[in-house]
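# structure here, sequence nowhere to be found:
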């Protein structure tokens, strides 16, 4: 099994080789809610300008790799739109890509999920930009030279990646597929402020906080630790199993961290509810549970 992560050393070697990967910085600052309905974010571009992996390009997941005509913040674009954006960034079909961020791995995970959906060979830098710096690797500052666009290339989905609200509403009590919320525990129970309309969780879901699957310095936890985290939520992870895991969070970002860590332990049959709580909580007719699960 090829890991979805790449180490600093592996990336440094690849960048010095004859066919280096394209490197994308997906940093975006999503602020914690200070009151219910408090949704604030800032571009990660200033961080990238202040320091980045040489040759990397900053991309804004919320605008460059989302459907900006949709009512929700991070609605996935169509496969061809993703490929067209990559071509504008000078990335040809079949070129390897490495993604990272400096804001906690989750936006890098989201970009990884989108590119993997259309069959791009993509990996996430373990530890992100902090690990690159800690290893003493060279850092660039400023805007740099943007590559010339390349001709557009055709793309289509190569795997099932998304679950809709209507499909979740049709779930029956005997549906054995786990529904996993990737938000922190306080958001799952409704104890913390929410960025969205109402607090709580989708009934029947369990909690595996994607942020808790990484160490304090941003590295993915060990295989054993990941398996134990999912096992504690009642999710049996059998490598190579076709049994599906359904994922959601607030807006499809934290859930991508779950998809990434599940792939790291061999579980690739996952789909994300892209609308997540932003869509679900906006409909007052839909139930939300709160408090500690029984």
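Looks like it came in fine. A quick note: this is a predicted structure, and the numbers were derived from the prediction, not measured.
# report pLDDT for residue 241.
Per-residue confidence (pLDDT) for residue 241: 66.
# could you pull out the helices for the stretch 151-294 of the chain?
Here the stretch 151-294 of the chain has its helices, by DSSP state H, counting those that start in this stretch, at 165-169, 185-189, 223-232, 254-264, 276-280.
# likewise the stretch 1-150 of the chain?
Going by DSSP H, counting those that start in this stretch, the stretch 1-150 of the chain shows helices at 8-15, 45-50, 61-64, 79-88, 106-117, 128-134.
# just those helices: most buried one?
Stretch with highest mean neighbour count among those: helix 106-117 (a mean of 26; mean count of other Cβ atoms under 10 Å). Backbone N, C-alpha and C define where each C-beta goes, glycine included.
# I'd assumed residue 149 was in contact with residue 88.
Yes - with contact defined as Cβ atoms under 8 Å, residue 88 reaches residue 149; the gap is 4.9 Å.
# picking that back up, among the helices of the stretch 151-294 of the chain, which is the most enclosed?
helix 254-264 (a mean of 26).
# packing partners for that one?
helix 106-117, helix 223-232, strand 245-248, strand 270-273 (3 or more Cβ pairs under 8 Å, 6 or more residues apart in numbering; DSSP states H and E).
# quick one: mean pLDDT over that helix.
Mean per-residue pLDDT for helix 254-264: 97.
# contacts for that helix?
Residues from elsewhere that reach helix 254-264 (Cβ atoms under 8 Å, 6 or more residues apart in numbering): 3-5, 105-106, 109-110, 112-113, 124, 180, 182-183, 208-211, 213-214, 220-221, 223, 226, 230, 237, 245, 247-249, 268, 270, 272-273, 276.
# got the contact list for residue 230?
208, 237, 262, 265.
# mind giving me the domain ranges of this structure?
The chain breaks down by automatic domain parsing into domains covering 5-134, 162-280.
# make a markdown table out of those domains and add distance to residue 144.
Output for those, formatted as a markdown table (distance: least, Cβ to Cβ, whole Å):
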| stretch | distance to residue 144 |
| --- | --- |
| domain 5-134 | 8 |
| domain 162-280 | 24 |
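# can you tell which of those domains is closest to residue 145?
Nearest of those to residue 145, taken as Cβ to Cβ: domain 5-134 at 9.3 Å.
# how long is the closest one end to end?
17 Å (Cα to Cα, to the nearest Å).
# pretty sure residue 275 contacts residue 74?
No - at 9.3 Å, residue 275 and residue 74 do not qualify as touching, with contact defined as Cβ under 8 Å.
# any common contacting residues for the two?
Common neighbours of residue 275 and residue 74 (Cβ under 8 Å, 6+ apart) are 251, 252.
# pLDDT below threshold where in the stretch 1-150 of the chain?
1 (pLDDT under 70).
# and the closest residue to residue 287 other than its chain neighbours, what does it touch?
Leaving aside its sequence neighbours, residue 287 sits nearest to residue 203 (Cβ to Cβ, 6 or more residues apart in numbering; 5.4 Å). Contact criterion Cβ under 8 Å, 6+ apart gives 287, 288, 289 as the residues in contact with residue 203.
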